[in-house]
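In: My questions concern the predicted model and sequence given below.
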Amino acid sequence: MSGLKRLLGVRDREFFDLFEAAGANAVRAAELLDRLVATYPDEAHLGGEIRDREHDGDRIAHEIIDRLNHTFVTPIDREDILALTSALDDIVDFTEEVADYLGLYRIEAPMLQASELTRVLLAATRQVAAAIPHIRSAKDIRAFTVETHRLENDGDRIVRGAIAALFERGIDPMFVIRWKDIFERLEDAIDSCERAANVLESIVIKNA
Amino acid sequence: MSGLKRLLGVRDREFFDLFEAAGANAVRAAELLDRLVATYPDEAHLGGEIRDREHDGDRIAHEIIDRLNHTFVTPIDREDILALTSALDDIVDFTEEVADYLGLYRIEAPMLQASELTRVLLAATRQVAAAIPHIRSAKDIRAFTVETHRLENDGDRIVRGAIAALFERGIDPMFVIRWKDIFERLEDAIDSCERAANVLESIVIKNA
Amino acid sequence: MSGLKRLLGVRDREFFDLFEAAGANAVRAAELLDRLVATYPDEAHLGGEIRDREHDGDRIAHEIIDRLNHTFVTPIDREDILALTSALDDIVDFTEEVADYLGLYRIEAPMLQASELTRVLLAATRQVAAAIPHIRSAKDIRAFTVETHRLENDGDRIVRGAIAALFERGIDPMFVIRWKDIFERLEDAIDSCERAANVLESIVIKNA
């Protein structure tokens, strides 16, 4: 193996390692949010741990972009590297925003649908994280993306039901403002999982 | 004509056909929303037909991306294909969201400005759909894009007037929450038409 | 110097000139908003001047895209030109939206945090505008981007405090709806500065 080839090989592995780290970090953030919501407000300190995951995610994204800027030949298309980095970063950002809103909005007890949605988000991040290692060998990941889409549809249905419930009661506008925001952010986090899955599928197809 | 050239020719036509299908689908969705709002709530069943258009739009977008991933040489720049696909998909997504909100938010009678905006949206989707066939031959489409910008300005003016009206009354916060969301989504749909028109103009200029 | 080279040189300068014009325009818009908010409602006419900046920004962005579509070889990557144009345009768009909301939402007296945020936004636009000329020679701009990130963190902290204050009072939902929107738009404007700074850093690193 030539020196150049070996160098490229190292660079390749580093991109893949960083994506896997970002995926694992997203799963960890989703686990923490799921537990924060399920036990709220008993384990409110978990909010700080989710913020740490958000900072870790930023660091990983920054390192990927930095490497990309210094790398001439990349193992996968530059635009796919950027799109995947951005989607994985968004998952954790939105997850952290949900945790943050619980405190900022002085939520006393989470609505039932919030727990259902954190469970969907956790399942979707696990699908994404499980699919990432397969892009090294461009292995078929359709099972993961199909399941992510199914989860996104599930999340969509739950959010619609939750919003409808808010407007049915429709008594307290402050309640509606708070929860509409939280549900929309949970939906954004789950959508980001779907976006990540779509990029992963593109990468695999192009390199198959 | 060589086999390769003919193959490329077929691929080209298929991309163009798919964009035209997406444009026609956006017009159909906008027509249905315009009628749904104008007759609301008498023809509430049209919401289901708009949802079907949204699914069709998803299918078309998916087919374009899939072809793009399997195609090495594309008739127009890859990033333009992606940007146009995304803009056309967004038009229908936002259109469907508006229809959805009418039910979810338990709207009883649409505000007058909602009808004005669905008419603007319909006119804008027609401009976009009429411009799409011209990218095959890179013909000048400025007349369509100028008219789309004019419509977007119109829409903007109507939304601003509608929001001002909401805050003038300012009696019922639940009313404001509902309608602000609906007007913003209508504006997003019209903005997506302008975005599609801008990409179409870029494509034509680059290939002129 | 060959004719082609000279031609490219002219084109290069024109892209850089346009970016500097966009940066200066963003600073001017932020100055006007800062004064509008600090004196509100005494100098409400400044809203019109901010709208003029928004139109100027649109014109500059349009000229950049137009040149890009007509240029085969660009001094910096096409996607970076697009990303920088879009980030600079967004700064002014969000700045104008904030000015607009003050009137539309019939604000009587700005909350204290609004002034704090317009000061942060002004400082951030100045960092971005000061960094732009350095991309001509790919000079190190880390000092500017580090300061922009610091300002973005500052802005984030102020917005969180402001939102928390809104929900603590929590008396008048209409007050919450208005100010939540204004704070979020100010945050979007500051985030766009950070996005611009990130693209500038990418450009410099790639061309160093």
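Out: Nice, thanks for sending it over.
In: show me where pLDDT drops low in chain A?
Out: Flagging of chain A using pLDDT under 70 yields the residue ranges A:1-11, A:170.
In: And the helices in it?
Out: Secondary structure of chain A by DSSP state H: the helices cover A:3-39, A:46-70, A:78-104, A:112-131, A:142-169, A:173-207.
In: For those helices, could you give me a markdown table that also reports mean neighbour count?
Out: Backbone N, C-alpha and C define where each C-beta goes, glycine included. Supplementary listing: the helices of chain A in a markdown table, determined by neighbours: other CB atoms under 10 Å in any protein chain shown:
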| stretch | mean neighbour count |
| --- | --- |
| helix A:3-39 | 18 |
| helix A:46-70 | 17 |
| helix A:78-104 | 22 |
| helix A:112-131 | 23 |
| helix A:142-169 | 17 |
| helix A:173-207 | 21 |
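In: closest one to chain B among these?
Out: The minimum distance between chain B and the helices of chain A falls on helix A:173-207, with 3.9 Å, by CB to the nearest CB.
In: Chain A against chain B: which residues are in contact?
Out: For chain A, the contact set with chain B under CB under 8 Å from any CB of the partner chain comprises A:79, A:160, A:163-164, A:167-168, A:170, A:173, A:176-177, A:180, A:198, A:202, A:205-206.
In: One more pass at 7 Å, please.
Out: Applying CB under 7 Å from any CB of the partner chain, one finds that chain A approaches chain B through A:160, A:163, A:164, A:167, A:170, A:173, A:176, A:177, A:202, A:205, A:206.
In: Surely residue A:193 and residue A:128 touch.
Out: Yes - in terms of CB atoms under 7 Å, residue A:193 counts as a neighbour of residue A:128; the distance is 5.2 Å.
In: residues shared between the contacts of these two?
Out: Taking CB atoms under 7 Å, 6 or more residues apart in numbering or on different chains as the contact criterion, the common neighbours of residue A:193 and residue A:128 are residue A:148.
In: Including distance to residue C:100, could the helices of chain A go into TSV?
Out: Converted to TSV, the helices of chain A look like this (distance: least, CB to CB, whole Å):
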stretch	distance to residue C:100
helix A:3-39	35
helix A:46-70	31
helix A:78-104	25
helix A:112-131	34
helix A:142-169	27
helix A:173-207	21
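In: Can I get those helices in TSV including distance to chain C?
Out: Below are the helices of chain A laid out as TSV (distance: least, CB to the nearest CB, whole Å):
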stretch	distance to chain C
helix A:3-39	16
helix A:46-70	4
helix A:78-104	5
helix A:112-131	17
helix A:142-169	13
helix A:173-207	4
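In: For chain A, which residue occupies the most central location?
Out: For chain A, the residue lying nearest the average C-alpha position, counting by CA atoms, centre = their mean, turns out to be residue A:91 (2.6 Å).
In: quick one: that residue from residue B:204, how far?
Out: Residue A:91 sits 37 Å away from residue B:204, taking CB to CB, to the nearest Å as the criterion.
In: Kindly report the same for residue A:97.
Out: Distance, residue A:97 to residue B:204, by CB to CB: 40 Å.
In: what number of residues lie near residue A:208?
Out: A total of 11 residues lie near residue A:208 under the criterion other CB atoms under 10 Å in any protein chain shown.
In: these two touch, right, it and residue A:137?
Out: No - Residue A:208 is not in contact with residue A:137 according to CB under 7 Å; the separation is 9.9 Å.
In: what about the helices of chain A, which gets the closest to residue B:38?
Out: The closest approach between residue B:38 and any of these, judged by CB to CB, belongs to helix A:142-169 at 22.8 Å.
In: Not including adjacent chain positions, what is the nearest residue to residue A:93?
Out: The shortest distance from residue A:93 to any non-neighbouring residue, by CB to CB, 6 or more residues apart in numbering or on different chains, is to residue A:54 (6.4 Å).
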